[in-house]
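**Student:** Below: sequence and its predicted model.
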Amino acid sequence: GDTWYVQGFEHAIGLINKQTLSPLGKFIAWDSLLRRLTARLRVKKYLKENPAATETPLLPPVFVLGLPRTGTTFLHRLLSLDP
């Protein structure tokens with residue numbers, strides 16, 4: 001399959017190995033990488049089982065930005081109600 005992601009993961013693994021992390025820090029770093037690879041495999045499996053999913057049109061994203069206390073959370077929640 002595609003291997004575009006391998007170089008990034010190899011770089012991340014190299015950075016983790018160079019760092020002097022605590023055992024907990026190493027666990028968290030490796031767990032994070034493992035969860036991302038697992039999610040990638042789940043998506044690949046889903047797309048293989050449901051090829052029509054790649055034909056579903058996607059709408060462009062909407063970004064809600066603003067200064068604190070200006071109603072951005074309210075606006076985000078309001079927009080999320082529209083299917």
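**Tutor:** Arrived safely.

**Student:** distance of the residue positioned nearest the centre of the chain from residue 2?
**Tutor:** When CA atoms, centre = their mean is applied to the chain, the residue found nearest the centroid is residue 36 (7.2 Å). The gap separating residue 36 from residue 2 is 15 Å, by CB to CB, to the nearest Å. Using the backbone N, CA and C atoms, a C-beta is placed for each residue, glycine as well.

**Student:** any idea of the mean pLDDT for the longest helix along the chain?
**Tutor:** For the chain, the helix that runs over the most residues, judged by DSSP state H, is helix 23-49. Helix 23-49 comes out with an average pLDDT of 95.

**Student:** From the contact counts, what lies against that helix?
**Tutor:** helix 6-18 (3 or more CB pairs under 8 Å, 6 or more residues apart in numbering; DSSP states H and E).

**Student:** How about the helix it packs on, which residues are buried there?
**Tutor:** Within helix 6-18, the residues that qualify as buried are residue 16, counting by 16 or more other CB atoms under 10 Å.

**Student:** So what touches it?
**Tutor:** 26, 29-30, 33, 37 (CB atoms under 8 Å, 6 or more residues apart in numbering).

**Student:** just stretch 73-81 next, same as before
**Tutor:** The set of residues external to stretch 73-81 that reach it, using CB under 8 Å, 6+ apart, is 62, 64, 66.

**Student:** In strands only, show me these.
**Tutor:** Taking DSSP state E, every one of the contacts of stretch 73-81 sits outside strands.

**Student:** Most neighbours among these, which one?
**Tutor:** The member of the contacts of stretch 73-81 that has the most neighbours, counting by other CB atoms under 10 Å, is residue 64 with 14 neighbours.

**Student:** who's in contact with that one?
**Tutor:** So residue 64 contacts 72, 75-76, 79 (CB under 8 Å, 6+ apart).
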